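Participant: Got a predicted structure plus its sequence, pasted below:
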Amino acid sequence: MKKILFTFAVTILIAMVLAVPAMAATVSFSPANVNVTSGKSFNVTISVNPQGVANYTEKIELTYPADILEVRAFNFGGSWMPLAQSGYDLIDNAGGKLIKTAGYPGGIFSSATFGTVSFYAKKTGSAVIKLGNGSFALDANNQNVLSGVPEVLVTISAPAIVPVEGPTTEPTTEPIVEEPIAQQPAETQQISLIAALGVILTLGTGNIWLGILIGLIILAAVIYVIYLLRKKNNSENI
């Protein structure tokens, strides 16, 4: 009877152990929600959490709408050793798929950054970046322990329209150009000076005969000056 009870207890214990689900690795994206304007880029960080069980190799496959989003770059984080082989390393912007695979020396036991993806928003709309079915996380026995299908919701809006200010037109003030005062010939200036002197002397004497005499003298002087000026001009023209 004791042997039967012991066998039954062991069977129950084994069943309970088998019923406990194995720890599964998970992948997370940050940020989980993105708001961006068309024509701009944004980054999505991929993290892997082995949930306490060492993971040695990770393959991350992302799917996205190629008509709205485009992958511009991918950078591994930490000490990951990339596996650059066909089927394990791909950026396909025509089909909307990214695949990156890498091993971690000694394995990871806690959450670690796998890499960062730089996306470009091509036009307005909504897009979903998902973890593809080809993804896996391998433990020490090369068993896939990856669980979950995380995603990123992307909302792309049109860029704000900035009003373009027209050119400011300031009233132009044209500079006032002063016309040069016409210069009188030297001959005319000298005659005018002598005539003015004669008038002043005549008005000051009060004697009409003296005024006439002065006027004649001035007239003779004027004639003589004109004669000299003309003679000078003629000599210069020869």
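Facilitator: Yep, that arrived. Numbering: from 1, shown residues only.

Participant: quick one: least confident helix or strand in this protein?
Facilitator: helix 2-19 (a mean of 39; mean pLDDT, DSSP states H and E).

Participant: Buried residues, whichever helix or strand comes after it. List them.
Facilitator: Next along the chain after helix 2-19, taking DSSP states H and E as the criterion, comes strand 25-30. Going by neighbour count (16 or more other Cβ atoms under 10 Å), the buried part of strand 25-30 is 25-27, 29. From N, CA and C alone the C-beta is placed, and that goes for glycine too.

Participant: With pLDDT and distance to K231 as extra columns, can I get those in CSV?
Facilitator: Below are these laid out as CSV (pLDDT from 0 to 100; distance: Cβ to Cβ, whole Å):
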residue, pLDDT, distance to K231
A25, 94, 121
T26, 96, 119
V27, 97, 115
F29, 98, 109
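
Participant: With distance to N35 as extra columns, can I get those in TSV?
Facilitator: As requested, those are arranged in TSV below (distance: Cβ to Cβ, whole Å):
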residue	distance to N35
A25	30
T26	25
V27	22
F29	15
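
Participant: Spell out which residues make up each domain of this structure.
Facilitator: Domains of the chain are assigned by automatic domain parsing as 22-157, 186-237.

Participant: could I get those domains as CSV with distance to P163?
Facilitator: Listed next are the domains of the chain as CSV, based on distance: least, Cβ to Cβ, whole Å:
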stretch, distance to P163
domain 22-157, 17
domain 186-237, 66
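
Participant: most tightly surrounded among those domains?
Facilitator: domain 22-157 (a mean of 16; mean count of other Cβ atoms under 10 Å).

Participant: any idea of the mean pLDDT in the longest helix seen in the chain?
Facilitator: Determined from DSSP state H, the single longest helix within the chain is helix 208-237. Taken as a whole, helix 208-237 has a mean pLDDT of 72.

Participant: Which strands or helices does it pack on?
Facilitator: helix 186-205 (3 or more Cβ pairs under 8 Å, 6 or more residues apart in numbering; DSSP states H and E).

Participant: what are the pairing partners of the lengthiest strand in the chain, and which direction each?
Facilitator: Ranked by residue count, the top strand of the chain under DSSP state E comes out as strand 97-108. Within its sheet, strand 97-108 is paired with strand 55-63 (antiparallel), strand 81-82 (antiparallel), strand 89-92 (antiparallel), according to DSSP bridges.
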